[in-house]
Each structure stands twice: as C-alpha cells, then as structure tokens.
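[1] Give me coordinates for this.
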Amino acid sequence: LNYNKIIGIYDASILDLSNNNLVYDASGKYLIPGLWDSHVHYAYDEDFTDHMSNLFLAHGITSVRDTGGEIKLLKGIKDEALKDPKNNPRIMISGPLIDGKFNVYDGNSPKFPPLSIQTSNTQHLIEQVNALIEQDVDFLKAYEMLTPLQFETLANIAKENNLKLTGHVPLSMDVSTASDLGLNSMEHFRNLELSTSLNFEELWVERTSLLKNKLNLIGSSLRRSIHQKQRMKAIYATDSTKLKAVVAVLKKNNTWQIPTLALYQNYARRNYQSPSYLEKFKVIPEVIETRWREKIKQSSTDPNIEMENYTDWSKSIMEYMHKEGIQFMAGTDTPIGYLIPGLSLHQELVFMSNSNLSNLELLKAATYNPAKYFNLQDSLGRILPGHIADLIILDQNPLEEIKNTEYIYAVIKDGNYMSRNHLDSLMQRENSSN
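    Reported below is the predicted structural model:
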C-alpha cells in the first residue's frame, strides 16, 4: 500500500522491501475488500447516531449507504467522514425519504421519527427534491405514499441528475411500472407481493379506495392498515406466472434488490430475546441498551406465524430472483429491529446464504456490488492495484463459511491499519461516548 491505495500484490517470500516500509505480518490470514452495509439509518435514533461509525468500522464495515434521514444531520456525518476518511466509514446518503401527502415517517412517535419529507403535490416534490440535490445527495429514495405522477416526476429528476433512485414501490403503483419508469433498486422487496398475486385486481381496487384516506389517518397508520389488509392475503395467493413476469421486468431494467432478511428473521424468530443476542448489547450505548432491553422484556414470546410466513416468502423470493439473474446488495436497516450496527451485516450474509447464493456471491453482495451500484467499481470493492485500500484481514476463510467474515484480525480503512486491539477500543462505551 502507498498512502490510501493498493500499489501491488506480490509473493512475500520473494519481495525485497527496504527498512523504510512498515510491515504487518498476516501469515495464514485471509484478505477481503472492506464490507458495505447498503441499508442503514444514522438518523433513526439520535442517541445512537454518534456511535454508529465506530461500530461499523469495528465490524469491518468500511462503507455504508444511508437510506433515509434528515439532510442536515446526514450531511454533517458525511462531511466529517470526508474530512477524516481513515477513521470513518464511507457514507453515501439519500437524505430524507421522499413521500406523498400522507407521509409515513413524520415524527409522530419514536417508531416513526422524522426521516421523510411530505410532498403535497408534484410541484412541491420538484422543489423539495431540487433542494436535496443542491445538498449533494448521492442517490434518492422514493417512499410508499407517492402518487404515480409524483413517482414518475421523481424518477425523471433522478435520471436528469444522474442519480440512482431506490425505494419502496408506492402503494399506488405496481412493481413493473415503477421499474420501467426508473426505480434502480428495491428495499426489502417492499410491496412486490401486491403485484404478483392471483387477486391483484381485487387488491388494487381496495387499495385505491383506502389510499383516499377517508378516515383521515396519519401516514404511518394508513400504510399499516393497508399492509395488514393486503400483504399476507397477497402472499398466500402468489401467482407464479405473474411473479415470473415481474421478475423478468426487474432483470431487464437491472433493478437491484436489498432484501434485509435479518430484520424480518429477528422479528419472526424473536432472536433478540435469546440470552446470546442480549449479551451482544454490551457494545451499544447504555441508554440504548436499557431502552431495548425494556422493550424486549415487554414483547410477546408467542410465535409470530404471519411474520414467519413473510420471512419464508422473502427467502423463497430471493432464491427465485437469484436463479433468474437479479443482482443483490447486502443491507440490514440497522438500528431498526434491535439490529446492532456492523454486526447485523454479518448476520445478514448468513441469512442470505439460505437462498442458494455461493459464498463468493455473498461477498460480492457486500463489497463489489455496492461499489458497482454507485459506479465506483474501478476504485473500490476489489483487491487490485490502484484501488482504494479499504480491506479486512480475517482469521478464517469466508469462502469456506460465510460466517467467517465476523472473525476479523484487522481492518484497513483508506490505507489506515486498525489492529484487533484498536477495533475493540472502538466498541468500548467509555471511548464511544467522548
């Protein structure tokens, strides 16, 4: 390495180095590119915000894709990372979720903090989005309460500004239309089931009526009522012909998928209630641990059959999409759902492995693929001369078992070598609270 770049890859036994070089012995170890978590929320809980970057680095996450939050906060975090790239993960930001008249994340409760912006009509959307672009966002995120015209306008703005558009498919639309208009990626397979159901037309008529919001519900309640009425009904009536047609459109348009399987596994299996999971909370801020433990203590221990069925459906959808050539990025939604920043990405890779991806494909989903998504593949995501030195040294081979990504010996961020002791110090509460 020279400064922050890889300059060459050589056989150490024949390489003659001068004493001016700093040499780290990694004999018997394994080298992979730095990992990405392609779905995080720095702004979801501001008690967590200042601690997330250290936790990401401590777990080998050298780049993240923040998919929704207040722009001033996110821009401040990104600017800090740009000033000190050797001690912060790379942060790609969308700014707030771009939602419609009945926006979901409007700050009505801790569960729905103000992560979105409300756009009452198309002109309002244009003004809001142009303001975000002036703040140098890296991509844009559409949300569920947009009208078809608002979504099409947003997609056109994204194309005009050479920005990727990700999001949840709006409840007013079908997946194929959204993909054709320019949705470059989908988060959580959101609302895919509504477009692939035998009772598509029936659900469409009902949903169109519900979206008029005659009961004047707040956005989060309106969305929840529609999901509760339609999601599982659609999943239980999945039409293989419709699914095949929709996935063909996604493939044609190269619409990436970010499944976030760990999020739903956590809710469905209640993994967060196990003593081994609770033990991992020692690395998060004490105020967060106290809050999480109290909520978990109050949560039901009964099986969540519907969520288990939804999780099984998500796994099967990912398996089918993979077979059909759809591209994936690994993301988690941390810190939502008691998912610990950094650690959750390793858990996500294990869950993704259950959908028949090879370990190499899984590694690509968390290294090369996100770099390619942002057109950074010529400088990031691989171990090649001239690429940025974001690297992880592992104790065990991840091509043998993907869970081995968790056994980290050292992290190199922008050419800066971080030993195991240093990584451990990033997770100490007394250090992270400075």
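
[2] how about stretch 236-247: buried residues?
    Neighbour counts over stretch 236-247 (16 or more other Cβ atoms under 10 Å) mark A237, T238, D239, K242, L243, V246, V247 as buried. Every C-beta, even on glycine, is put in place using the N, C-alpha and C of the backbone.

[3] shouldn't I383 be in contact with L31?
    Yes - using Cβ atoms under 8 Å, I383 is in contact with L31, at 6.3 Å.

[4] Give me the common contacts of those two.
    Common contacts of I383 and L31 (Cβ atoms under 8 Å, 6 or more residues apart in numbering): L391.

[5] on that earlier part again, now for the buried residues of stretch 236-247: which two are most distant?
    A237 and V247 (17.1 Å; Cβ to Cβ).

[6] Against which helices or strands is the lengthiest helix in the chain packed?
    Taking DSSP state H as the criterion, the chain has its longest helix at helix 305-323. When contacts are defined as 3 or more Cβ pairs under 8 Å, 6 or more residues apart in numbering; DSSP states H and E, helix 305-323 sits against helix 219-235, helix 240-252, helix 261-269.

[7] can the ones you listed go into CSV with extra columns for mean pLDDT and distance to P370?
    Converted to CSV, the helices and strands packed on helix 305-323 look like this (pLDDT from 0 to 100; distance: least, Cβ to Cβ, whole Å):
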stretch, mean pLDDT, distance to P370
helix 219-235, 98, 27
helix 240-252, 98, 18
helix 261-269, 93, 17
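
[8] Among those, which comes closest to W292?
    The closest of those to W292 is helix 261-269. By Cβ to Cβ, the value is 11.7 Å.

[9] now for that closest one, which elements pack on it?
    Helix 261-269 packs on helix 305-323, helix 343-352, going by 3+ Cβ pairs under 8 Å, 6+ apart.

[10] closest one to L55 among those helices?
    helix 343-352 (7.7 Å).

[11] Can you name the element that comes right after the closest one?
    Next in sequence after helix 343-352, counting helices and strands by DSSP states H and E, comes helix 359-365.

[12] ok, then the element right after that following helix?
    Criterion used, DSSP H and E; the element after helix 359-365 is helix 368-373.

[13] what's that following helix in contact with?
    Under Cβ under 8 Å, 6+ apart, the answer for helix 368-373 is 33, 36, 38, 63, 65, 164, 184-185, 256, 327-329, 377, 379-382.

[14] before we move on, back to that, show me which of the helices and strands packed on helix 305-323 has the highest average neighbour count.
    helix 261-269 (a mean of 22; mean count of other Cβ atoms under 10 Å).

[15] and the angle from it to helix 305-323?
    On the basis of axes from the mean of the first three to the mean of the last three Cα atoms, to 10 degrees, helix 261-269 is oriented at 150 degrees to helix 305-323.

[16] now helix 261-269, how far from the chain's geometric center?
    14 Å (Cα atoms, centre = their mean, to the nearest Å).

[17] Only alpha carbons, please: show that helix as CSV.
    In CSV, the C-alpha atoms belonging to helix 261-269 read as follows (Å, rounded to 0.1, in the frame of the first residue of the first chain):
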residue,chain,number,x,y,z
LEU,A,261,-33.6,-10.6,5.6
ALA,A,262,-32.0,-10.2,9.1
LEU,A,263,-34.6,-7.6,10.0
TYR,A,264,-37.5,-10.0,9.4
GLN,A,265,-35.8,-13.0,10.8
ASN,A,266,-35.3,-11.1,14.0
TYR,A,267,-38.9,-10.2,14.3
ALA,A,268,-40.2,-13.6,13.2
ARG,A,269,-38.0,-15.8,15.3
